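Visitor: Here is my input; please provide its structure:
(chains A and B)
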Amino acid sequence: MQLTNLRKIRSCFSTCQRRLLNAKKTLLFMKFTAFFILVVCLQVSARSTAQVTLSEQNASLVKVFKLIEKQSGYHFWYDKALLKNAGLVSIKVKNATITHVLDLCFSNEPFTYTIVENLIAIQPRPTQPVIKKDIDLPLPVPPPFDDITVVVRDTAGLPLNGASVRVKGTKQGVSSDADGNAVLKNVAPGSILEISFTGYNSQEVTVGNNKTINIRLTVLQRNLDDIVVVGYGTQKKITISGAVSSVSTKELKQSPVANLSNALAGRLPGLFSVQNSGEPGADASRILIRGMGTYAGGQNPLILVDGVERSFDGIDANEVESITILKDASSTAVYGVRGANGVLLVTTKRGTNAKPKVSVTLQNGLQSPTRLPNYLNSFETLSLYKEGLINDGLSAAVYSDEYLAKFKDRSNPTYQYLYPDVDWFDAILKPNSTMSQANMNVSGGTQAAKYFVSLSYLQQNGLYKFEDNIKDYNIQAINKRYNFRSNIDLNITKDLTMQLNLGDIIRERNYPGASANEIFNTIKLIGPNYYPFTNPDGSISGLQNRDANPYGTLTKRGYQRLFENNLTATAGFNLNMPFVTKGLSAKTRLSFDALNYRNVNRSRSFDSYAYSVNDTATDLTQGTYTRLSTGSNILGYDVTSNGNRRTLFEASLAYDRVFGKHSVKALALYTQQSYLSDIGGGTQNAIAGLPFKYQGYVGRLEYGYQGKLFGEFNFGYNGSENFPGGKRFGFFPAISGSYVISKEDFFKDLIPAMNLLKVRASYGLVGNDNSGGGRFLYQSTWSITEPGYQFGINNDGNGYSGAAEQATGNENITWEKARKINIGLDAGLWQDQVTLSVDVFTDKRSNILTRPLNIPSYIGISNLPYINAGVVSNKGFEVVLETRKQYRNYGYFFRGNYSFARNKILDQKEPKFIGREWQQAVNRRIAEQYGYTAIGLFQDAKDVQNSARQTFGSVQPGDIKYKDLNADGVIDQLDEGFLGPVGTPESFAGLALGFNYKGFDLSVLFQGAAGGSVYYTGNSIMPFSGHAGSILDEVKDNHWTVDNPNPNALFPRMSSNDNVNNYKNSTFWIRSSDYIRLKNVEAGYSFPKAWLKKIGFADGRVFINAINVLTWDKIKTFDPEIPNGTGNYPQQKVVNAGLNFTF
Amino acid sequence: MLFRNIILSTLLVATLFTSCRKFLDVVPSEVITSENIWGDINNANRALARLYNALPNETRSSTDYWSSTDEAKNHWENPTSLLYNNGSWGPTTNPFGNWEGTYSDIRKASLFIANIEKVPLNTDQAVFYGPRIPRFKAEARFLRAMYYFQLFKKYGAVPIIYDILNLDDPAASQLPRNSADEVVEYILKELDEILPLLPQSYETADVGRITQGAVLALKSRTLLYAASPLFNGNRLYANVKNADGKQLFSQVYDAEKWKKAADAAKKVLDLNVYSLYNPTPANPVNNYAQLFFTREYTETILAYTVGNNKDFEWDLVPNGAQFGGHGRFSVLQELIDAYEMKNGYPINTTGSGYVSMGTWAGQIWDGLKLSAVSNVSNMYKDRDPRFYASIFFQHSVWRLEKVGRPVKLAWWGNNNNNSDGWPKSGTNCESGYNIRKWASPEVDLKSGTGDARRNIPIFRLAEIYLNYAEALNEYLPAPDQNVYDAVNAVRARVSMPALPILASDQTKEGMRARIRNERRIELAFESHRFWDVRRWLIAKQVDNTNVHGMNARPTTAELTGSGFNSNSEEAGLAVFYKPVIIQSRVFQDKHYLMPIPKSEIDKDPNIVQNFGW
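Guide: So this is what the prediction gives:
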């Protein structure tokens, strides 16, 4: 057996050599494939990661070997004669690596070992003299080298697993085990040991006489901020001279949301977020960094997950290490033509060199709408309708008091069908729905490999009723999500590491056949009096020329099932190149993302009937049913499936070195990516279906002097396929610098309390190629599928489709340019117990894609080419103030941030609105509301007579009166103009407060926005418009009436139908969307560690948290984050409880 | 070890510099550029087809032209015509303006005209297309002239774009308006030049293209409009001048313009290519009606050709479940009253025999056959046959056997889907009349079967007769036999007695009224009236007044006052036959011509605005 094994070893070695030779040949021809082959070969010499636990007193080596064989699957190969001289071994290790154990066993033995695959060969130690082990006998001379055991603990005395202990100035190093023990072999006395652990202050200790050294590491203040993720790398916070903010996983996990984008509100200065919808699976927030800098192009920031452009909506918060936003030119210049709107970086977690840590989080939540409108009942609604009819001069004879009273009277069984009074919100929606989340992740690693693997499940249910009683299918809105992630780091050789990140998000969603939009619209429009919930026989009720029954729309329209698989994969290599020069490293990576979906739509339609019966009848079966609509009643089957894919390749060289007082970092990177969207087939999509591509170079040079002066130069030189050849690439440079005044000696005496004072400034140019207007705008194109003509005596002769100019190209088309200036200040007081950070910025965006609006139409070009002509400035500031203090048993923190950004359009190639300056967009803000200026309600006929003539239908007292801006006596489109308020808020603020006492912790987050507005508009708000029959309850006492002609009433007089005059967009309907929210609350209890340890856990915590708990605003009827109108699926309040434990 | 590291490093670094140069070259070669169009005759054909598609066709594209004048009311919610009814249209709201679209079509035509002769032809193609290319070019020039005519009748004086304008041409945004006379001159010059290049008729497969007849017909219409009071010495427009003082509208009445108009019309008549469509002379109602659901080219000079469809039927046929249409228009009583008696007397003249009270029974052509009717108001007895072909009225019949009941447009509370008017929910016929002209009896809307096979005439011979009669009557001190003959030709097709009948028919003014009325009746719902009332300067009378219908929406008091159950058919009928105001209309002097869009004046300060705007 032993000989066979030897042969195996030999053959393995030779195979290996041959493979290596082959590989070398291949290397000449291939770039990437070679790497993988190489990796396979190199793995042969890679050390094993098997772990062994032993506890033996005075055992023979042979016995120990047997035990190791049993636990690890390794086999020993040795000459028995060799072991004759071996002494007895006492050993106690837990989960130790093979090499560690063998090193311990053999430390005083005259032999050594070699590991090949799963064989351990024992050989005589050639140089070492054979010394017989004698424990009792003191050694004649103190050995020059000792094995040192370092025990690493935290300040509470708990062992730290995975701390790095290394001998300074050498490559020797080891990680501490679960008991905090790290054993270093043969350490020279007087060596300096460096002990470090993420999140703790590092320590150095000199090796003295003690073979066991106890170390207590203190927790780093603000440890997570210390290293900040920036574009294509990380930086120490102190060296940063740009404008960067980040938030960590701990805070993200406090928000029980299904969509990560909804957890950011109020957390990051400079981040503006608006959530428009709460529909499960479609509730992402819109995110802007420092507001809006352009009116034409994309305003959204570039979002990167682990350096690859990806959506982060579906990522589980447990997988996230941090989210960083890059705001100024210095930090975004590396993204060149794509950086102008800011960049949001999501970084997922990675393994550390520690034993496996398993973390499990289970939570369950209840979701309910933050707010739903209240509508009047039938009686009140019809009373107002009657008022409208009378105002309109129409006959209201039908709506007698006696008739109206029947809508409240339920004395006769027919009344609920003939005089219905249905609260449709109540009838269709449940008060709340559930959401469950579970996550398990394991992280850890050894010298050879580190890993973070995670598995999450989320189920978010919708608010619809009837999910159980529809026989054939489920109509509930359900969002099920499975997240998988595996981030692996392999040390292939001392200098070569490999990274493999795999993430997969699988979503299965279920929705009713009708869209949420349609369902909520009908719920909001159908009057309570239109028809009963169902007819007496259970059939769907209805009314001609009115929207279909919401119950029918929800339950009888079939269902949709949406399957989606979003795979993200990145593999990369990192090679340190000290053999070229110290501090140099090279990196490549290749990323492949693919999203595929298969959406099944099983739709149907339904029959509806109007039920009529004599209202004195008491027998419901006597009634008659008139068919109103005929449905198919059979489920259709329609499948949409498509996908998109993105490939990214990057290669870079980095340099990082300190020369005395000077530190230098440099980066040169090449990047290219290609993206194919999921656009459908058809020749009309041929152009849109072409891949989107980017290619470019990135450079960064950082210089630091004495840790107090820092300078940076960043640039991106990149381009996209969207611009004409020769004009595709742009150069985007930025410079920045910072000065840590507090490091100066004089400063320490000047203001001793201030431990940090730093000023920062940056200036640079960034681009935005997502400038709107479509692709390949440089091309002039014709279409040959325009409307054509058919000749022939019977319209059957020669026929042609039409050909016409489609787009006129602009050969000089280019990207938007943003010139950005940022000045910042960071201060810390009393050892960072209070910190303050302020940033002031001014951006100027030029080259904004604009249709020249000043070219007369008689030129005849139907699609005037876009030109790069618009200019917008955007200015603002951010302030973050934080204080935190941790005492022995308790601590608190306070962190407030406020962000403000205001833009101004400086040029938009408009015609001159001579005498109508209110229509000029220039000098106004982006997306200002547009419409008429309301000046109250007409008081009486005389008021109408004496006012300018309004041209939108007849006007009477109680109607909205508009301002005649051009004073021509007529209110028409020329009196429309920009009104001042903008749609998106200009200020966002967040205030987080926290307190902990022993194991208890409590934190709350208030979040607010100001400066925005919405149009309070739409059929569900404006009484009786567009066949709507539902009236908000606030209308009842707040509208103009003949008896109470309040010129400042919230609603104008009642009309029985659309009132064209009153329902124009005007200041009358603009409502401020300012709000303050108790956005987030979390209370938790962490179990005592000592107690947990007994049952085998490392950490354990139970928590309750909630999002969107309370809202204070001016709208009251709908959520303040709704878009203009009424919004659709309501935003959700979630109350959630869960537990987390690790072991 | 070192060796390996060096290889690895080299590899990594090499990738930095081996980027693919061509990586961003996804330039779409498949896009179609102007070279593709003018390099391939098949694509050039398409460019011409696009021009034909833009052939102005107001009857098809916007039936609201009818309800924007004294023919009908569109009773749907907020129709386009409401703006024109209440005078609230203007420089910022003018759906019929199409300033931008028309200039865009003009550019398209100019591009075709400039490029069509450059299209390379191979030998085979040369044989076929060689002789056709000059004709194609002439067709495009006709179409461009037609687009200019549209601008002329809407705005009067507009900039003429002689060259193809480009963006980088600074003068391109500084043009002033040309005068109305210059626009007319330009149109006429173009038409004169292309006339010899076009044929009189086409092969079966190419029927529908521009003929000499179409050129002459456009010439006739252009000259008629130019001679009309709106453009011929209209003092209202004395102050519409360019910045340099150029008068945009001639201020001197020129009678010779009428002469030219008459001559131009005569040219069409003298072609002897066209004759009035006359398929069933014995059945005058059908004889006229068929013209509007038949593809015929005896009378039609230029048509907008359309495929088989039910468009008009959906729009026009009554709204009852049995009929299945939308009955979108309420015909005005003013138009109903304009139909003469079949003896040739206007209803309000002595001897007309018109009775408004009582009912009659008899037979009416229901589209398929003569069907018995009863309880029809005497108002609808013995009228011009075109009345029966053009109007759905109370108790008239349409495809009776298929539909099962007569038209019911009077109020009927408990109608149980058995009526076509109020109080069906939604909006319904307010005047008691729907439009019947254009509806094909072959179409069964209830079952969705059958299609109408029709042309939409742009020019037809009847118009030319009336153009001729009008121009000649205006030119002469008193009508001569030529004037009577022209009008009588049109009347004869529907068996209406020949003029003169009344003494006033012998005078210029009396005959003017006759001709205008004849035009109103013959060309009803063909989008002529909207323009005619403008060029005659009578819109301020006919479109600035209350318009009427039958009492189809009575008040509760009226119904209960009838003595019948207020929801019964009897109650509705009892109060129905009485003219009531259904709309109050506004038309001011400024409305005669359309305002130049405000946005255009903002862009080009050299463009002056029309009168009153």
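Visitor: what's the pLDDT at residue 284?
Guide: All of this refers to chain A. Residue A:284 is assigned a pLDDT of 81 by the prediction.
Visitor: You answered for a different chain; I wanted chain B.
Guide: Per-residue pLDDT puts residue B:284 at 95.
Visitor: now residue B:1
Guide: Confidence score, pLDDT, at residue B:1: 56.
Visitor: Name whatever forms a beta bridge with residue A:993.
Guide: Note on residue A:993: beta-bridge partners by DSSP bridges are residue A:894, residue A:1004.
Visitor: That one contacts residue A:1004, correct?
Guide: Yes: using Cβ atoms under 8 Å, residue A:993 makes contact with residue A:1004 at a distance of 5.3 Å. All C-beta atoms are positioned from the backbone trio N, CA, C, and that covers glycine.
Visitor: More neighbours: which of the two?
Guide: Per other Cβ atoms under 10 Å in any protein chain shown, whichever of residue A:993 and residue A:1004 has more neighbours is residue A:1004, with 19 against 14.
Visitor: partner strands of the top strand by length along chain A, parallel or antiparallel?
Guide: Taking DSSP state E as the criterion, chain A has its longest strand at strand A:638-659. Here strand A:638-659 is paired, per DSSP bridges, with strand A:584-603 (antiparallel), strand A:662-676 (antiparallel).
Visitor: quick one: average pLDDT of it?
Guide: 92.
Visitor: Kindly report the same for stretch A:946-956.
Guide: Averaging pLDDT along stretch A:946-956 yields 85.
Visitor: Can you show me the strands along chain B?
Guide: B:72-74, B:300-305, B:329-331, B:359-365, B:370-377, B:391-392, B:434-435, B:455-460, B:546-549, B:580-584.
Visitor: what helix or strand does residue A:989 sit in?
Guide: Element membership for residue A:989, per DSSP states H and E: strand A:987-997.
Visitor: Can you pull the phi/psi pair for the residue in the stretch 401-550 of chain A that chain B sits nearest to?
Guide: Going by Cβ to the nearest Cβ, chain B is nearest to residue A:545 of the stretch 401-550 of chain A, at 4.8 Å. The phi and psi values for residue A:545, taken as degrees, to the nearest 10, are phi 60, psi 20.
Visitor: ok, it - how many residues close by?
Guide: Counted with other Cβ under 10 Å, residues neighbouring residue A:545 total 11.
Visitor: That one against residue A:1027, yeah?
Guide: Yes: the criterion here is Cβ under 8 Å, and residue A:545 meets it with residue A:1027 at 6.9 Å.
Visitor: My read is that residue A:948 contacts residue A:971, right?
Guide: Yes: counting by Cβ under 8 Å, residue A:971 is a contact partner of residue A:948 at 5.2 Å.
Visitor: what's near enough to touch residue 526?
Guide: With no chain named, the answer covers chain A. Going by Cβ atoms under 8 Å, 6 or more residues apart in numbering or on different chains, residue A:526 touches A:422, A:424, A:546, A:547, A:549, A:550, A:1029, A:1030.
Visitor: look at chain B instead
Guide: So residue B:526 contacts B:59, B:457 (Cβ under 8 Å, 6+ apart).
Visitor: Distance check, it against chain A.
Guide: According to Cβ to the nearest Cβ, to the nearest Å, residue B:526 and chain A sit 19 Å apart.
Visitor: what do you get for residue B:249?
Guide: 19 Å.
Visitor: backbone phi and psi for the residue in chain A that chain B sits nearest to, please?
Guide: When scored by Cβ to the nearest Cβ, chain A has residue A:860 as its residue closest to chain B, at 2.7 Å. Note on residue A:860: backbone dihedrals following degrees, to the nearest 10 are phi 80, psi 0.
Visitor: out of everything not next to it in sequence, what's closest to it?
Guide: Using Cβ to Cβ, 6 or more residues apart in numbering or on different chains and skipping residues adjacent in sequence, the residue nearest residue A:860 is residue B:107, 2.7 Å away.
Visitor: Would you mind listing what in the stretch 101-250 of chain B touches chain A?
Guide: Residues of the stretch 101-250 of chain B lying near chain A by Cβ under 8 Å from any Cβ of the partner chain: B:101, B:103-108, B:110-111, B:158-159, B:161, B:164-167, B:172-173, B:175, B:202-209.
Visitor: what about burial for the residues you listed, which qualify?
Guide: Neighbour-count burial within those applies to B:103-108, B:110-111, B:158-159, B:161, B:164-165, B:167, B:172-173, B:175, B:202, B:206-209; the criterion is 16 or more other Cβ atoms under 10 Å in any protein chain shown.
Visitor: Among the residues you listed, which are located in helices?
Guide: Among those, the ones falling in helices (DSSP state H) are B:103, B:104, B:105, B:106, B:107, B:108, B:110, B:111.
Visitor: For the third one, which residues are in contact?
Guide: This means residue B:105. A:860, B:51, B:54, B:143, B:144, B:147.
Visitor: hmm, try it at 6 Å
Guide: B:54, B:147 (Cβ atoms under 6 Å, 6 or more residues apart in numbering or on different chains).
Visitor: tell me the secondary structure for the closest residue to residue A:405 other than its chain neighbours?
Guide: Nearest residue to residue A:405, sequence neighbours excluded (Cβ to Cβ, 6+ apart): residue A:379, at 7.6 Å. Using DSSP: H, G, I helix; E, B strand; the rest coil, the secondary structure recorded for residue A:379 is helix.
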